[in-house]
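Participant: For reference, the sequence and a predicted model appear below.
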Amino acid sequence: MIEALTSTIEFQMSLLLFVALAGYLLASRINQSAVICEILVGLLIGPSLLGLITYTDFVSSVAHLGAVILLFVIGLEFKLHEIFKAKYAVIALIGVIIPWIGGFYLAKLFGYSFGSAVFVGTALTATSIAITANVLREMGRLQTEAAKAIIGAAVIDDVLSLLALSVSNQLVSGAFSLKSG
């Protein structure tokens, strides 16, 4: 009976909202970022510890919706020309190349195959722009030059990471070619 109750969408939604609110209130009380406490309480109630919430299609949909809304709200704070500058592109390029190459060689050092090492390096190129932007917003520093550099480089970094994933996939499958068509 209890298992049937805890697996319902209504229970999961209620628990997620309650725990997110509790994480936010705890973070406010101890002067920390709400994102950090929300991640910690998520680990607590998730499959890692208590197992009250499992990763279902519903939880996945709520997570994606939350990320989209957060990124949309952060996007309202900036003008395109403020975050797409050449210096931010250089920062982003370095932020993709170093983790990609470093991850590749580290994976090779641990004995992974070429294909696995390529994907380990590629996985390290991705950033978490949503968390970074939310922490900056909570600190009231979203409109500073440093924040614009961080957000601009992170946006460009994410685009380059998707390009790296595409190249990695083609490289491992043997279909990579610089020729068009």
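Facilitator: Thanks, I have it.
Participant: Can you pull out the low-pLDDT segments for this structure?
Facilitator: 1-7, 175-181 (pLDDT under 70).
Participant: And it, split by domain according to the record?
Facilitator: 2-55, 80-173 (automatic domain parsing).
Participant: Distance to Val73 and mean neighbour count added to those domains, as TSV?
Facilitator: Placement of C-beta: from N, CA and C, glycine included. Below are the domains of the chain laid out as TSV (distance: least, C-beta to C-beta, whole Å; neighbours: other C-beta atoms under 10 Å):
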stretch	distance to Val73	mean neighbour count
domain 2-55	14	14
domain 80-173	8	16
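Participant: So the spatially closest residue to Pro47 that is not a sequence neighbour: helix, strand or coil?
Facilitator: Distance criterion C-beta to C-beta, 6 or more residues apart in numbering; nearest residue to Pro47, sequence neighbours excluded, is Thr54 at 5.8 Å. Three-state assignment for Thr54 (DSSP: H, G, I helix; E, B strand; the rest coil): coil.
Participant: Phi first, then psi, for Thr54.
Facilitator: Recorded main-chain torsions at Thr54 are phi -110, psi 160, according to degrees, to the nearest 10.
Participant: so it sits right up against Ile45, yeah?
Facilitator: No: the criterion here is C-beta atoms under 8 Å, and Thr54 misses it with Ile45 at 10.2 Å.
Participant: any idea how far Arg141 is from the spatially most central residue of the chain?
Facilitator: Nearest residue to the geometric centre of the chain (C-alpha atoms, centre = their mean): Ser128, 3.2 Å. Distance, Ser128 to Arg141, using C-beta to C-beta, to the nearest Å: 17 Å.
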